[in-house]
Structures are given as C-alpha cells and as structure tokens.
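1. Model the structure of this input:
(2 chains)
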Amino acid sequence: AQSVTQPDIHITVSEGASLELRCNYSYGATPYLFWYVQSPGQGLQLLLKYFSGDTLVQGIKGFEAEFKRSQSSFNLRKPSVHWSDAAEYFCAVVPSRGSYIPTFGRGTSLIVHP
Amino acid sequence: DVKVTQSSRYLVKRTGEKVFLECVQDMDHENMFWYRQDPGLGLRLIYFSYDVKMKEKGDIPEGYSVSREKKERFSLILESASTNQTSMYLCASSYQGGTEAFFGQGTRLTVV
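-> Take a look at the predicted model:
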C-alpha cells in the first residue's frame, strides 16, 4: 500500500528565513505528487503538483518543490518565509494508474516567528 | 471559480443522533471523497465515490455511511453519533483522471 511520510510534525522559522518541508513516499511506481496548505479552520488549498517532466516545480505564493526519484522525495521549499505562511502543510500522492485516490501525510505545522 | 461547498462550518450534535453532512461541487467531477482530520493523524479517508450511486470504503468507514444520488452531491451520514466522531470533516472532489483534489472548507463536528 502506498504511504506518505512527513517526518517533521512542527517546524519553527523566523520571518525572512528559508524553509524546507520534507516529504517521502512509498509506492511501486512514480505517483502524482502534491503539496497542499491549510490555514486554521479552513479546507486545503493546492500549492503545487508534479505529474512528470521537469523535477523542479513552481507553485503559488512563492513555493517550489523538487522531485527526487532516487530518494522517493518531494520536498517543499521557499527562499524567504512570510508571517502569513504560518499554516499546516500536507504532502499527498495519487497513483498514476488505478484508483486515483489521494493519500495524505500527517502534515507539518509551520510556525513563523517575527 | 471552482467550488466545493459543505453545508455547515460547525455542528454540535448529541450522542446517538443521526447526523448528515452535505457536500456539493459545481465542477462536474466524477470522484468525491470524505476525509476525517484529527491532530497528528492527518487526513484519513472515510469513503469515496467515483460515480453516481457508486461508493467504496476508505480506511476508516466504521460508523459512517454515504449517499450519492446526484453527481454533484455527496453526503456523509453518521448513523448514531458518538463522542469519538468529534472531528473535522473534509469533502473533496476530482476528475476521474487523477488530477488534484478540490476541498470544501470543512465541517467541525462536536458530539456531546
């Protein structure tokens, strides 16, 4: 069965610092990969996605992610964090064949200090 | 603008009540999903549907049922609410080809 691991439950950064959120997946073939963000009390909003091709993908709000097949990873990055980036971040995978059901990681809570 | 709408943002129900959570999407999506979100556990799939009147169990279906009579609407039913079903419930939809899921704003259910 496919699985998604986000090893960091919480991450604290200072405003203006760089950010990297980790995501590893376990699946037989390369799935579709996603990062979502959830502000408090809200639903999930898509930040970016990877289907194929260029392994560095750009998303909204200045985020990017890099797919590394050899490490089964899809880490999210931002060069300079803003206070408004404080939120919960979820990595998700969808099988490229078959059920197309999204499986989510447990989430990483980002805290931004002024 | 695409939209997934959940009927309630907050609900408070009593133990043993039958509870209906409604979700409507306006994107003509084939797939619809109900997830439950709890702190530290992420999103866990309760049920999903890939077509009208079709439903499949997810990872945690016990205590829940679903109904999809029309393509745009997917209802989650708690047959007899219990306190351990207090949670945030998220509805999502997607096209059949596995593109990204679009989420509603969530329903925070408290069972007392």
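2. where does chain A come near chain B, residue by residue?
-> Applying CB under 8 Å from any CB of the partner chain, we find that chain A lies next to chain B at A:9, A:32, A:34, A:36, A:41-46, A:49, A:90, A:92, A:94-96, A:100-107. C-beta: built from backbone N, CA, C; applies to glycine.
3. Of those, which count as buried by neighbour count?
-> Buried residues within the residues of chain A next to chain B, counting neighbours by 16 or more other CB atoms under 10 Å in any protein chain shown: A:32, A:34, A:36, A:42-44, A:46, A:49, A:90, A:92, A:94-95, A:100-107.
4. would you list every one of the strands in chain A?
-> Secondary structure of chain A (DSSP state E): strands located at A:3-5, A:10-14, A:19-21, A:24-26, A:32-38, A:44-50, A:56-58, A:64-68, A:73-78, A:87-94, A:103-104, A:108-113.
5. Looks like B:Met27 contacts B:Phe102 (just checking).
-> Yes: B:Met27 lies in contact with B:Phe102 (CB atoms under 8 Å); the separation is 6.7 Å.
6. for the residue nearest to A:Leu56 when sequence neighbours are not counted, what are its contacts?
-> Using CB to CB, 6 or more residues apart in numbering or on different chains and skipping residues adjacent in sequence, the residue nearest A:Leu56 is A:Glu66, 5.1 Å away. Residues near A:Glu66 by CB atoms under 8 Å, 6 or more residues apart in numbering or on different chains: A:55-57, A:73-75, A:77.
7. Separate out the buried members of those.
-> Neighbour-count burial (16+ other CB under 10 Å) applied to these gives A:57, A:73-75.
8. which two in the residues you listed are spaced the farthest apart?
-> Farthest apart among the buried ones among the contacts of A:Glu66 by CB to CB are A:Val57 and A:Ser73. That separation is 13.2 Å.
9. intersection of neighbour lists for the two?
-> Common neighbours of A:Val57 and A:Ser73 (criterion: CB under 8 Å, 6+ apart): A:66-67.
10. and the closest residue to B:Arg14 other than its chain neighbours, what does it touch?
-> Of all residues not flanking B:Arg14 in the chain, B:Val112 sits nearest, at 6.0 Å (CB to CB, 6+ apart). By CB under 8 Å, 6+ apart, the residues touching B:Val112 are B:12-15, B:83.
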